[in-house]
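# structure of the sequence below:
(2 chains)
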Protein chains: 2
Amino acid sequence: MTDFPTDKIVAVLGGTGPQGRGLVRRFAAAGIPVVIGSRSAERAAEAATELGEATGGTVSGTDNATAADQGDVVVVAVPWDGHADLLRELAGPLTGKVVVDCVNPLGFDKQGAYALAVEEGSAAQQAAALLPESTVVGAFHNVSAVLLDDPEVTSVDTDVLVLGDVREATDLVQALASTIPGVRGIFGGRLRNCHQVEALTANLISINRRHLAHSGIRVTDV
Amino acid sequence: MTDFPTDKIVAVLGGTGPQGRGLVRRFAAAGIPVVIGSRSAERAAEAATELGEATGGTVSGTDNATAADQGDVVVVAVPWDGHADLLRELAGPLTGKVVVDCVNPLGFDKQGAYALAVEEGSAAQQAAALLPESTVVGAFHNVSAVLLDDPEVTSVDTDVLVLGDVREATDLVQALASTIPGVRGIFGGRLRNCHQVEALTANLISINRRHLAHSGIRVTDV
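As a prediction, this is how the structure comes out:
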């Protein structure tokens, strides 16, 4: 696998949320220029200052639309609730780009987390339906936001399953995932098999409750 | 976790298929008395003789209904196609028992494997709907049949996610899984979160194609 090209700008939409922040921290620490997108450009700018100082990396912050425009690769780490609306709005700036969806459509009740039914099959397939001019890849679903955003964690003990239908794009996102110390980006299948990877996060939440852990998964024999 | 009690008889329905055979081999090698069930009692008896000799364990073979009757714990490892019909027939003998469903409802086409939609949500939930007087647990979905059935493989490098709503039953099946050298049986959540664990087998098949591997998964931080 080739290295991720560090002249590519990675934008993280929802980059002030837990998963987004964690990814920004790790990408910036790897020397990748990062743009944080958020509903609030002000909060994005604050997070950018903080994470830039913490990592010594190049991080800026702005609203989601501007971030989508600036990124060469655009990571979508927004809550499931606003997923469809945001992508519909941003179809223009996302044209021709690799869009990395890491959204897990989950519900929560007294018995814990569970997978929500998604009309298109999965969040990633919804993204692909809304962004026909982009190349959608699913990734970063099962990696703990807590571990990602903890600077004391020098190696994140998990693999990242990367799903998509275009080899060049999945290779690129595998390389992006592999910039995180400890992580291997592993091809996990076509986009039609993304639902179960998103939904598996509900199982990891159950495991975390039982064990008071920040669980992840490793793929064996590869 | 306590050990699996080796006075309990484990029946494996579909025990002459690849996954069933592999599980029979490992359970017998662990000193658990095993009954192989099959549509053909004759093929079950042949497999029982072979696997009994290979493992030095106690293995018998019979038809699925008799095996369901004889087992204290009954593992369902039949093809998805015959899953509902078989369980409907065997609701009587399975009453009061722990039924371990390891069936993956998958389809295959030129692009590989994909998850089938199941009306009840998952094979395990279908089993629970058809067997209201049994305690259904989901397990053994993601473990390679090839590795299980290979006597040269002295340690199977994978965890088994065990899903269910009754703690006593999931504890028992975790102990059963952990009799396989190398395997940890790990609680993976409630039955309503079983679909994605079944479906994840499609992703592992994609990984196996890409890497010519027999992949499995490990849960990290537990």
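# now do the strands in chain A.
A:10-13, A:34-38, A:59-63, A:73-76, A:98-101, A:106-109, A:112-115, A:135-138, A:159-163, A:184-189, A:216-220 (DSSP state E).
# what strands line up against the second one, and which way round?
The pairing partners recorded for strand A:34-38 under DSSP bridges are strand A:10-13 (parallel), strand A:59-63 (parallel).
# repeat that for the fifth one.
Within its sheet, strand A:98-101 is paired with strand A:73-76 (parallel), strand A:135-138 (parallel), according to DSSP bridges.
# a markdown table for these, including mean neighbour count and mean pLDDT?
To be clear about C-beta, it is placed using only N, CA and C from the backbone, and glycine gets the same treatment. What follows is these, written out as a markdown table (neighbours: other Cβ atoms under 10 Å in any protein chain shown; pLDDT from 0 to 100):
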| stretch | mean neighbour count | mean pLDDT |
| --- | --- | --- |
| strand A:73-76 | 27 | 98 |
| strand A:135-138 | 28 | 98 |
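# what residues are up against A:Arg218?
When the contact criterion is Cβ atoms under 8 Å, 6 or more residues apart in numbering or on different chains, the partners of A:Arg218 are A:157-159, B:217-218, B:220.
# so for the helix ranked longest in chain A, what gets flagged as buried?
With DSSP state H setting the assignment, residue counts place helix A:195-211 as the longest helix in chain A. Neighbour counts over helix A:195-211 (16 or more other Cβ atoms under 10 Å in any protein chain shown) mark A:195-208 as buried.
# ok, which of the residues you listed also contact chain B?
Subset of the buried residues of helix A:195-211 in contact with chain B: A:195-197, A:199-200, A:202-207, counting by Cβ under 8 Å from any Cβ of the partner chain.
# contacts only, for A:Ala41.
A:61-63, A:66.
# which one in chain A is furthest away from the centre?
Computed with Cα atoms, centre = their mean, the residue of chain A farthest from its C-alpha average is A:Lys110, at 27.0 Å.
# distance of that residue relative to chain B?
11 Å (Cβ to the nearest Cβ, to the nearest Å).
# dump the residue contacts of A:Gly164.
So A:Gly164 contacts A:135-138, A:170, A:173, A:190-191 (Cβ under 8 Å, 6+ apart).
# identify the farthest-apart pair in those.
Maximum pairwise distance among those (Cβ to Cβ): 13.8 Å, between A:Val173 and A:Arg190.
# give me the number of residues near A:Gln111?
Neighbourhood size, A:Gln111 [other Cβ atoms under 10 Å in any protein chain shown]: 12.
# skipping adjacent residues, who's closest to it in space?
B:Arg190 (6.1 Å; Cβ to Cβ, 6 or more residues apart in numbering or on different chains).
# and the strands paired with strand A:98-101 as CSV, adding distance to B:Gly15?
Shown next, in CSV, are the strands paired with strand A:98-101 (distance: least, Cβ to Cβ, whole Å):
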stretch, distance to B:Gly15
strand A:73-76, 45
strand A:135-138, 36
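# which one of the contacts of A:Gly164 sits closest to A:Val103?
Scanning these for proximity to A:Val103, where the rule is Cβ to Cβ, the winner is A:Gly138, at 8.9 Å.
# what are the bridge partners for the closest one, then?
Here A:Gly138 sits in beta bridges with A:Asp101, A:Leu163, as judged by DSSP bridges.
# check the spacing between it and chain B real quick.
11 Å.
# do I have it right that that residue meets A:Cys102?
Yes: with contacts counted by Cβ atoms under 8 Å, A:Gly138 reaches A:Cys102, the gap being 7.4 Å.
# what about the nearest residue to A:Ala129 once chain neighbours are set aside, how many neighbours?
Closest residue in space to A:Ala129, ignoring its immediate chain neighbours: A:Glu120 at 5.1 Å, by Cβ to Cβ, 6+ apart. For A:Glu120, the neighbour count with other Cβ under 10 Å is 15.
# just A:Val99 next, same as before
Neighbour number of A:Val99 under other Cβ under 10 Å is 28.
# tell me who's in contact with it.
A:73-76, A:127, A:131, A:134-137 are the contacts of A:Val99 under Cβ under 8 Å, 6+ apart.
# just give the nearest non-adjacent residue to it, would you?
A:Ser134 (4.6 Å).
# so how many other residues sit close to A:Gly61?
Neighbours of A:Gly61 (other Cβ under 10 Å): 28.
# circling back: dump the contacts of A:Ala41 to JSON lines, plus pLDDT and distance to A:Ala54.
Converted to JSON lines, these look like this (pLDDT from 0 to 100; distance: Cβ to Cβ, whole Å):
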{"residue": "A:Gly61", "pLDDT": "98", "distance to A:Ala54": "14"}
{"residue": "A:Thr62", "pLDDT": "98", "distance to A:Ala54": "19"}
{"residue": "A:Asp63", "pLDDT": "98", "distance to A:Ala54": "22"}
{"residue": "A:Thr66", "pLDDT": "98", "distance to A:Ala54": "23"}
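# may I ask which of these has the most neighbours?
Of the contacts of A:Ala41, with other Cβ under 10 Å as the count, A:Gly61 tops at 28 neighbours.
# separation between A:His195 and A:Val136?
Counting by Cβ to Cβ, to the nearest Å, the separation of A:His195 from A:Val136 is 14 Å.
# is it true that A:Arg192 touches A:Ala124?
No: judged on Cβ under 8 Å, A:Arg192 makes no contact with A:Ala124 at a distance of 9.4 Å.
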